[in-house]
Every structure is written in structure tokens, then in C-alpha cells.
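Undergrad: below are the sequence and a predicted model for it; my questions follow.
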Amino acid sequence: MSRFVCDVCGKEIAVHEGILTWARDEETLSNFMLTHQNSPERKCQPKENNRYKDLYTLTMINGYMEFINYLVDRWESGFYLKDVESLKKVLEQLNLHMHEKLILLTEDE
Ligand SMILES: [Zn+2]
């Protein structure tokens, strides 16, 4: 199974300990980062980011679609993306995970 890698410390993230955060101001969404959730041992969440979604939720099809809908709704309201690459990197990790999950499901039949 593919592994999630923390954008801050570079170590593996278990699905239950990951979080996607980003910064939203009046007209932009930026700095998408997939990291470990803050805990007594780790402080990977970027302080400047003011929006978040649990990685666990994002790995579920409905949670993933909810996030895509959130982005589409923001774009409709005139928001724009400041650094597309950060979002692309996060989506790549998610897509690989979902893809492998689907393969596992179909192999069972
Ligand atoms: Zn980390």
C-alpha cells in the first residue's frame, strides 16, 4: 500500500495521524500541506494555515469528493490558488492511495 509522507518532516504518516491544512484569506487558497497532526511528540502543522481536513476523512470517497466540492465552490466565489504545486502534490498522494484501495477491492472478487 502506498505511504503518505509528511510535507514538513518527510516521515511516513499513518492515515489516522495525518491532516491536510491550507491557508485561506479573503481571495486566495494557498500552502496546501499534508502533515502529521500536532501531538506532544510532533509539531508538523504549519501555524500559518487556518483551514484543515483530517487525512482519514480525505481517504474516503465521500470525504474526498467533499474536498473537491469545497475547492469548486471557492473558485465559483472568485477565489484563486496561490501555489498550485502544493495542491497538486497533495492530490497526487491521495490519488495513488485511492487507486491502490480500488485495486485491492476488485482483486477480492
Ligand atoms: Zn511530520
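TA: Good, I have the coordinates. Residues are numbered from 1 along each chain as shown.
Undergrad: contacts for the longest helix seen in the chain?
TA: Secondary structure assigned by DSSP state H gives helix 84-107 as the longest helix of the chain. With contact meaning Cβ atoms under 8 Å, 6 or more residues apart in numbering, helix 84-107 is reached by 1-2, 4-5, 7, 20, 22, 29-34, 58-59, 61, 64, 81. Bear in mind the C-beta positions are built from the backbone N, C-alpha and C, glycine included.
Undergrad: show the buried residues in the residues you listed.
TA: 4-5, 7, 20, 22, 29-34, 58-59, 64, 81 (16 or more other Cβ atoms under 10 Å).
Undergrad: out of those, which are inside helices?
TA: Of those, the ones assigned to helices by DSSP H are Leu58, Tyr64.
Undergrad: tell me where this structure has strands.
TA: Under the criterion DSSP state E, strands of the chain are mapped to 4-5, 12-13, 18-24, 28-36, 51-54, 80-81.
Undergrad: turn the ones you listed into TSV, columns for mean pLDDT and distance to the ion.
TA: Output for those, formatted as TSV (pLDDT from 0 to 100; distance: least, Cβ to the ion, whole Å):
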stretch	mean pLDDT	distance to the ion
strand 4-5	96	9
strand 12-13	97	7
strand 18-24	97	9
strand 28-36	97	4
strand 51-54	97	14
strand 80-81	93	23
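Undergrad: still on that earlier bit, now do the longest helix of the chain, average pLDDT.
TA: What helix 84-107 shows for mean pLDDT is 91.
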